[in-house]
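In: Show me how the following folds:
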Amino acid sequence: MDGGAGFQMSLGVVIALVLVALAFDFMNGFHDAANSIATVVSTRVLKPYQAVAIAATFNFIAVFVFHLSVAATVGRGIIEQGIVDHYIVFGALIGAIAWNIITWHYGIPSSSSHALIGGLVGAAVAKAGSGGLLPAGILKTVAFIFISPLLGFLLGSLLMLAISWIFVRSTPSRVDRLFRRLQLFSSSLYSLGHGGNDAQKTIGIIWMLLVAAGYTGKDEPVPHWVVVACYVTIGLGTMFGGWRIVKTMGQRITKVRPVGGFCAELSGSITLFLATGLGIPVSTTHTITGSIVGMGSTQSVSAVRWGIAGNILWAWIFTIPCSAFMAGLAWWVGRQLF
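Out: The predicted model follows:
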């Protein structure tokens, strides 16, 4: 089906693809649960099931906090709307889901966000070549692959240094008691930012599909049911959690104490709130990893296990091209099957 033939898309196909998109959204929450809870679990402030419940709740509360700026970028700013059909949406989602499954299996904290962007790029190129891409939106997203962890690193290290200076005369036990309480606030704030940025990516995909199918106008607001469904689904995904990645994020990069967990979560939250306000689909994984490394490096360079951090960096670099390749392949398979 050609991009201009969107009205020929059957209701059954649209429903099926919405369900696939929600499956990706669920997996996003499942895959990224570790980002929200790793530090608060590794510091033993909360038990895993308590942390997951709080994270899921704040994932959903984000629906009342953030405008749909990120959804607009994903839905209108990555690929040309005119080429969108059910094959492109199918290819993008399958490419992103496949990469998420691979990285989850190996316990690698990669980016669901960039897997989805890579999926869109790969499916669009498979159909229309590079002419189907919108460079401004892609470049903005790619830039934040580097900006978000660097900003997280900078804020995490500055917060840690500031707190170390403020509490220089306090005993370690007193500092631990205080920041065990403050971590409840910082981890909740981070989960709010995670839900606000990540749920909107799926909203953008479904919105793109509905416009292509003719069920909503290009200039009309996103249907309310899409927004609620995506926020509820990412919260449910977080409830089930991704425990393999918790171990990497909370224990293998650097040892985390309550004060460090607070610094990492608060700096990550600030970065996410900024990116969401600017409408940039940023990686929550990149953000919290940069924050954890920044916090850990202020204690000593040797406090960070740089080999683990390096492996994670390679996963970041490969995410967009690998998911794009898988999406292009899925687009071709979809053309043969449907």
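
In: do you know how far L133 is from L139?
Out: 10 Å (CB to CB, to the nearest Å). Backbone N, C-alpha and C define where each C-beta goes, glycine included.

In: Comparing these two, which shows the higher neighbour count?
Out: Each of L133 and L139 has its neighbours counted (other CB atoms under 10 Å); L133 has more, 18 against 10.

In: what residues are up against S291?
Out: Counting by CB atoms under 8 Å, 6 or more residues apart in numbering, S291 makes contact with 149, 152-153, 155-156, 263-265, 267-268, 271.

In: Tell me where the longest helix sits in this protein.
Out: Using DSSP state H to define each element, the chain has its longest helix at helix 172-213.

In: Show me the shaky parts of the stretch 201-338 of the chain.
Out: Within the stretch 201-338 of the chain, the stretches with pLDDT under 70 are 241-255, 299-312.

In: Mind doing that once more with 90?
Out: Along the stretch 201-338 of the chain, the model assigns pLDDT under 90 to residues 217-219, 237-258, 260-261, 283-318, 337-338.

In: again with the stretch 51-200 of the chain
Out: 51-55, 100-113, 142, 145-146, 169, 172, 180, 184.

In: go with 80
Out: 104, 107-110 (pLDDT under 80).

In: Which residue ranges of it form helices?
Out: 69-76, 86-105, 112-128, 135-166, 172-213 (DSSP state H, counting those that start in this stretch).

In: Reformat those helices as CSV; add distance to P258.
Out: Formatted as CSV, the helices of the stretch 51-200 of the chain follow (distance: least, CB to CB, whole Å):
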stretch, distance to P258
helix 69-76, 31
helix 86-105, 28
helix 112-128, 28
helix 135-166, 11
helix 172-213, 4
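
In: S42 is nearest to which of those helices?
Out: helix 172-213 (10.7 Å; CB to CB).

In: Can you spell out which helices and strands pack onto the closest one?
Out: Packing contacts for helix 172-213, counted by 3 or more CB pairs under 8 Å, 6 or more residues apart in numbering; DSSP states H and E, involve helix 11-42, helix 48-61, helix 69-76, helix 86-105, helix 112-128, helix 224-240, helix 258-278, helix 284-299.

In: Any chance of the backbone angles for the residue located most distally from the centre of the chain?
Out: Going by CA atoms, centre = their mean, the residue of the chain most distant from its centre is R169, 38.7 Å out. Main-chain torsions, R169, degrees, to the nearest 10: phi -100, psi 0.

In: roughly how far apart are it and I163?
Out: In terms of CB to CB, R169 sits 13 Å off from I163.

In: Kindly report the same for S111.
Out: 28 Å.

In: Which one of the two is surrounded by more residues?
Out: Neighbour totals were compared for S111 and I163, and S111 leads with 33 against 22 (other CB under 10 Å).

In: Now that one. Nearest residue, chain neighbours left out?
Out: S283 (3.6 Å; CB to CB, 6 or more residues apart in numbering).

In: tell me the contacts of the one you found?
Out: 111-114, 144-145, 148, 316.

In: closest to S323 among the residues you listed?
Out: So of the contacts of S283, ranked by how close each gets to S323 (CB to CB), first place is H114, at 7.4 Å.
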